[in-house]
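In: below are the sequence and a predicted model for it; my questions follow.
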Amino acid sequence: MLSVEYLSKSFGGVAAIRDVTLEFPTGSLTAVIGPNGAGKTTFFNLISGAIVPDDGRVLLDGTDLVGMSHTEIVHRGVARAFQVASIFPTLTVAETLDAAVQAHRGHAGVLGRRFPLAECQERSREVMDMLGLADEADTLSANLSHGDQKLLDIALALILQPRVLLLDEPTAGMGPEERWQMIDKVYRLWEREKMTVIFIEHDMDIVFKIAGSIRVLCYGRVLAEGTAEQIRGNPDVIAAYLGTETRGH
Ligand SMILES: Nc1ncnc2c1ncn2[C@@H]1O[C@H](COP(=O)(O)OP(=O)(O)OP(=O)(O)O)[C@@H](O)[C@H]1O
Ligand SMILES: [Mg+2]
């Protein structure tokens, strides 16, 4: 299980995450929602080790990850994809993934050892198949559609063979149809791979349709947590969203 306890992080005067305690059971699919600036991306940054909390713990099966390097956290099984996809524009999809497998295995193995390309390609292929990216294997990353760039970013996270996969707005910037295609892929991935998936999502139709459980952040605090049914009817959540609507977001 992944859990955070009393997690806090401020940036100057802004308390981005305040005293957050949450649990994510192993193998669960959970949505993290909340208005813009609620602290959702910061929450992922704290779990993945991209930033260090001012206070609190991040526990993966009882081990505190706080203070570990990002690389160590990856090797313990936490990987993420980003709100804005991080791609290498001059490499093809296959080249990108092969390089990622090489880098990952190189780290895990004996220092300086290079893994045979065929072995790396096998894993790349597997990940491309998982996400339906195989047709784009030889496409330059820069030439991919926005949706496929997001998929490539998720593929890069999957190369790391995570037990916990963090997806920051996998459907950001997509039209309605493309959104459902993306989330369908995420859902099937979760079903098949049996990993813990936590995703940040603004589209409530998607959240209520696929997330087994939901955590709501607002101004850095946990506003609510529960099932889709519980969150949908929660007056605090409704007020938080109506509140942001009237502020024009
Ligand atoms: N590196 C940083 N330096 C300074 N302030 C930051 C930094 N990262 C986040 N913040 C601030 O922390 C708060 C939470 O930001 P965060 O990006 O975590 O929100 P979010 O819920 O992901 O928002 P969105 O839905 O717009 O992506 C915001 O007020 C933001 O300006
Ligand atoms: Mg964000």
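Out: Looks like it arrived, so ask away. Ligands and ions are numbered 1, 2, ... in the order given.
In: report how many residues lie close to Asn143.
Out: Around Asn143 there are 12 other residues, counting by other Cβ atoms under 10 Å. Where C-beta positions appear, they are placed from N, C-alpha and C, glycine not excepted.
In: which of the helices or strands spans Thr71?
Out: Here Thr71 sits within helix 70-75, counting by DSSP states H and E.
In: and that helix, what does it pack against?
Out: For helix 70-75, the packing partners by 3 or more Cβ pairs under 8 Å, 6 or more residues apart in numbering; DSSP states H and E come out as helix 93-108.
In: quick check: angle from whichever helix or strand comes after the helix it packs on to helix 93-108?
Out: Counting by DSSP H and E, the element after helix 93-108 in chain order, helix or strand, is helix 117-131. Taking axes from the mean of the first three to the mean of the last three Cα atoms, to 10 degrees, one finds that helix 117-131 is oriented at 120 degrees with respect to helix 93-108.
In: buried ones in the helix holding Thr71?
Out: For helix 70-75, burial by neighbour count (16 or more other Cβ atoms under 10 Å) applies to 73-75.
In: try stretch 50-60
Out: The neighbour-count criterion (16+ other Cβ under 10 Å) identifies 51, 53, 56, 58-60 as the buried residues of stretch 50-60.
In: please apply the same query to stretch 208-226.
Out: When burial is assessed from 16+ other Cβ under 10 Å, stretch 208-226 yields the following buried residues: 208, 210-211, 213-220, 222-225.
In: endpoint to endpoint, it covers what distance?
Out: The distance separating the two terminal residues of stretch 208-226, taken as Cα to Cα, to the nearest Å, comes to 11 Å.
In: that one and ligand 2 in contact?
Out: No. Counting by Cβ under 5 Å from the ion, ligand 2 has no neighbours in stretch 208-226; the shortest distance is 10.2 Å.
In: picking that back up, just put the buried residues of stretch 50-60 in CSV and tack on pLDDT.
Out: Putting the buried residues of stretch 50-60 into CSV (pLDDT from 0 to 100) gives the following:
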residue, pLDDT
Ile51, 95
Pro53, 98
Gly56, 98
Val58, 98
Leu59, 98
Leu60, 98
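In: picking up where we left off before, now, which of the buried residues of stretch 208-226 lie within helices?
Out: For these, the ones inside helices are 208, 210, with DSSP state H as the criterion.
In: from the buried residues of stretch 208-226, which single one is nearest ligand 2?
Out: Leu217 (10.2 Å; Cβ to the ion).
In: who's in contact with the closest one?
Out: The contact partners of Leu217, by Cβ atoms under 8 Å, 6 or more residues apart in numbering, come to 17, 20, 32-34, 38-40, 43, 223.
In: out of those, which sit inside strands?
Out: Of those, the ones assigned to strands by DSSP state E are 17, 20, 32-33, 223.
In: ok, and the most crowded of those residues?
Out: Of all those, the highest neighbour tally under other Cβ under 10 Å goes to Ile17, namely 28 neighbours.
In: so it makes contact with Thr42?
Out: Yes. The pair Ile17 and Thr42 qualifies as a contact (Cβ atoms under 8 Å) at a distance of 5.4 Å.
In: which neighbours do those two share?
Out: Between them, Ile17 and Thr42 share the contacting residues 9, 220, judged by Cβ under 8 Å, 6+ apart.
In: output the longest helix belonging to the protein.
Out: In the chain, assigned by DSSP H, the helix with the most residues is helix 176-193.
In: which parts of this structure sit against ligand 1?
Out: Taking Cβ under 6 Å from any ligand atom, the part of the chain that reaches ligand 1 is made up of 11, 14, 16, 34, 36-42, 83.
In: got TSV for those, with neighbour count, pLDDT and distance to Gln102 too?
Out: Formatted as TSV, the entries for those read as follows, by neighbours: other Cβ atoms under 10 Å; pLDDT from 0 to 100; distance: Cβ to Cβ, whole Å:
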residue	neighbour count	pLDDT	distance to Gln102
Phe11	10	97	35
Val14	12	96	39
Ala16	22	98	35
Gly34	25	95	37
Asn36	9	94	38
Gly37	16	95	38
Ala38	23	97	37
Gly39	26	98	35
Lys40	25	98	32
Thr41	18	97	29
Thr42	23	98	31
Gln83	17	77	26
